[in-house]
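In: Just the structure for this:
(chains A, B, C and D)
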Number of protein chains: 2
Amino acid sequence: MGYADGKAVALLWGGRGAPRRGPKPTLTLADISAAGIAVADAEGVAAVTMQRVAESLGVTKMALYRYVPGKSELVALMTDAAIGEPPELTGDGWRPRLAEWARRMFAEFWRHPWALETTIGPRVMGPNELSWLDAAIAALDGTGLDGADAMDAAVTIVGHIRMVAQQGVASPADNAEQAMDAAMVELLRGHEADFPALTAALESASRSGKQGRAFEFGLDRILDGIAHLVGTRG
Amino acid sequence: MGYADGKAVALLWGGRGAPRRGPKPTLTLADISAAGIAVADAEGVAAVTMQRVAESLGVTKMALYRYVPGKSELVALMTDAAIGEPPELTGDGWRPRLAEWARRMFAEFWRHPWALETTIGPRVMGPNELSWLDAAIAALDGTGLDGADAMDAAVTIVGHIRMVAQQGVASPADNAEQAMDAAMVELLRGHEADFPALTAALESASRSGKQGRAFEFGLDRILDGIAHLVGTRG
DNA sequence: AAGAACTGTGTCCCTTGGATACAGATTACT
DNA sequence: AGTAATCTGTATCCAAGGGACACAGTTCTT
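Out: Have a look, this model is predicted:
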């Protein structure tokens, strides 16, 4: 693996190129990818096996290997397809645009939580993933930040998006943070003395049903920090 | 799985409780965990199999099941042990303390990159992981931030730490960011028109060998943002 | 002394990713 | 048109990994 896996790059960036002889393929990469995404959305990425995906397409396991060199490439394909293309940003000014970008990206990870697992570690990035990054950098045009600053700012925001998306996974979508707090309180029972600050924080943090608080909180902090930098650079 | 897996909780939080009869166990949970960590550090978490860990301990695979109910619990154990206990923070004031905390935590993830994979998704948190969280919250004592604010601030910082740690994995440790940039430039070759902002940013971002720039950049932004909030709350 | 409880092990089974070989379909070339 | 090249889907086989289960040996309790 690593940043440059030839087969993965070819598949993600070049497709397969229609064959010139032989029978018509019954499937397309898009079909296979969509089938894999459906399985992953429903049962997690661990449930995505060649067998399972093949069944849901009505072919045998080995048929998939005519389209995809191996499972890791299939997962890479699924991941880029699931992330999708970045949206047009409509806000006025860098801050609303970047905020919108962040909320959209968060929504994607929320919809496909398994993508958090498949985008960790060194990997080949697909066109969609790079397009999202490009869109974030573009939103910072005209702020006076240089290329490295813009890249690092985008990376910081993505980190926050991913972190918050993780927390909510596998909780009823409307009270993820409360569920997490409750689980912590449960764990702390009997060990309160060992975690005094955390215990106190959890007691005072009776989050009043405000969904997405953690996300907006961190996003505001980061954007405030970027605004501060933009002010000094300007 | 989920936040409350009884067996995992018992193992992580209660240990095994010495048996009162029968032969002395040859191993301890700490031995097993350490062996697993050694394998994961050297060859990644994918190389951690029951077989492999057992071999490095000089026992058979099935012997491990006397200590650990299954592989997932072993990985949870390894993870909490690898993270270790949080350090004493020596800085003066919340900001230097939180910055030190962040750098220490980053160092742990850097040392055990596989822990990024094993701490994703819903899981049972171990005592060490909660201790780190407790330490971050404690660093924010006296800032006027309430419990929920402090928790969310900590979460935001952890997100950044994890994101940057991810990028550098599997690159020669002294130029991780440059390696990533180079890989992107390679991917963009021939598609520059589709990613104009990103292309421009990469061109201008001749990061002058400054290791860890991305980490310190984002950390500064987030801390600036928190400082801004502390100012308004105070 | 004797039974209870615990440890380490050998054997077996199921699932998964993947290699290989093969039969039928389709197209290009003569 | 006829044939050869090429492509598709499939059946069969293998190795690795997680885990269940039964068994023999060991040590503590009564």
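In: Now do stretch A:93-113, average pLDDT.
Out: Within the predicted structure, the mean pLDDT of stretch A:93-113 is 97.
In: which parts of that stretch are buried?
Out: Taking 16 or more other CB atoms under 10 Å in any protein chain shown as the basis for neighbour counts, the residues of stretch A:93-113 that come out buried are A:94-95, A:97-102, A:104-106, A:108-110, A:112-113. Heads up, the C-betas are built off the backbone N, CA and C, glycines and all.
In: Let me know the closest of those to A:Ala165.
Out: For those, the minimum distance to A:Ala165 (CB to CB) is 4.0 Å, reached by A:Phe109.
In: circling back: what about chain B: which of the buried residues of stretch A:93-113 touch it?
Out: Intersecting the buried residues of stretch A:93-113 with the contacts of chain B gives A:Pro113 (criterion: CB under 8 Å from any CB of the partner chain).
In: ok, of the buried residues of stretch A:93-113, which one's closest to A:Val164?
Out: Distance to A:Val164, by CB to CB, is smallest for A:Phe106 among these, at 7.0 Å.
In: so that closest one, which of the three states?
Out: Assigned by DSSP: H, G, I helix; E, B strand; the rest coil, the conformation of A:Phe106 is helix.
In: I'd like the distance between it and A:Gln166.
Out: Taking CB to CB, to the nearest Å as the criterion, A:Phe106 is separated from A:Gln166 by 11 Å.
In: Just name whatever secondary elements the least confident helix or strand in chain A by mean pLDDT is in contact with.
Out: Sorted by mean pLDDT, DSSP states H and E, the helices and strands of chain A end with helix A:6-9, the least confident at a mean of 86. Using 3 or more CB pairs under 8 Å, 6 or more residues apart in numbering or on different chains; DSSP states H and E, the elements in contact with helix A:6-9 are helix A:71-83.
In: Now find how far off-centre the helix it packs on is within its chain.
Out: Shown here is helix A:71-83, whose average C-alpha point lies 12 Å from the average C-alpha point of the whole chain (CA atoms, centre = their mean, to the nearest Å).
In: what does stretch A:201-218 give?
Out: Centroid displacement of stretch A:201-218 relative to its chain, using CA atoms, centre = their mean, is 22 Å.
In: how long is that stretch end to end?
Out: Its start and end residues considered, stretch A:201-218 measures 17 Å (CA to CA, to the nearest Å).
In: now do stretch A:132-147
Out: Its start and end residues considered, stretch A:132-147 measures 16 Å (CA to CA).
In: And for stretch A:168-186?
Out: 17 Å.
In: got the contact list for A:Gly15?
Out: The contact partners of A:Gly15, taken as CB atoms under 8 Å, 6 or more residues apart in numbering or on different chains, are A:Leu29.
In: For A:Val68, see how far away it is.
Out: For A:Gly15 relative to A:Val68 (CB to CB), the value is 12 Å.
In: shared neighbours, these two?
Out: By CB under 8 Å, 6+ apart, A:Gly15 and A:Val68 have these common neighbours: A:Leu29.
In: my guess is A:Ile120 meets B:Ile120, correct?
Out: Yes - in terms of CB atoms under 8 Å, A:Ile120 counts as a neighbour of B:Ile120; the distance is 6.5 Å.
In: which neighbours do those two share?
Out: Joint contacts of A:Ile120 and B:Ile120 (CB under 8 Å, 6+ apart) do not exist.
In: how long is stretch A:186-196 end to end?
Out: The stretch stretch A:186-196 measures 15 Å between its terminal residues, going by CA to CA.
In: Please enumerate the strands of chain A.
Out: When assigned using DSSP state E, chain A turns out to have no strands.
In: and whatever residue of it ends up closest to DNA strand D, how many neighbours does it have?
Out: Chain A approaches DNA strand D most closely through A:Gly22 (2.5 Å), counting by CB to the nearest atom of the strand. Neighbourhood size, A:Gly22 [other CB atoms under 10 Å in any protein chain shown]: 6.
In: Chain A: helices as residue ranges?
Out: The residue ranges that make up the helices of chain A, judged by DSSP state H, are A:6-9, A:29-43, A:50-57, A:61-64, A:71-83, A:94-111, A:114-118, A:127-139, A:147-168, A:176-188, A:196-204, A:213-233.
In: Now do the third one against helix A:29-43, angle only.
Out: If I follow you right, that is helix A:50-57. Here the directions of helix A:50-57 and helix A:29-43 differ by 110 degrees (axes from the mean of the first three to the mean of the last three CA atoms, to 10 degrees).
In: Can you list the buried residues in stretch A:44-62?
Out: Applying a neighbour-count criterion of 16+ other CB under 10 Å, the buried positions in stretch A:44-62 are A:Gly44, A:Val45, A:Val48, A:Met50, A:Arg52, A:Val53, A:Ala54, A:Leu57, A:Val59.
In: okay, the third one: pLDDT?
Out: We note a pLDDT of 98 for A:Val48 in this prediction.
In: Surely it and A:Ala40 touch.
Out: Yes - with contact defined as CB under 8 Å, A:Val48 counts as touching A:Ala40 (5.2 Å).
In: Overlap of the contact sets of these two?
Out: Overlap of the contact sets of A:Val48 and A:Ala40 (by CB under 8 Å, 6+ apart) consists of A:Met78.
In: residues near A:Val185, how many?
Out: Neighbour count for A:Val185, taken as other CB under 10 Å: 14.
In: Once you drop chain neighbours, what's closest to it?
Out: The shortest distance from A:Val185 to any residue other than its chain neighbours is 5.6 Å, reached at A:Leu202 (CB to CB, 6 or more residues apart in numbering or on different chains).
In: Perfect, that will be all.
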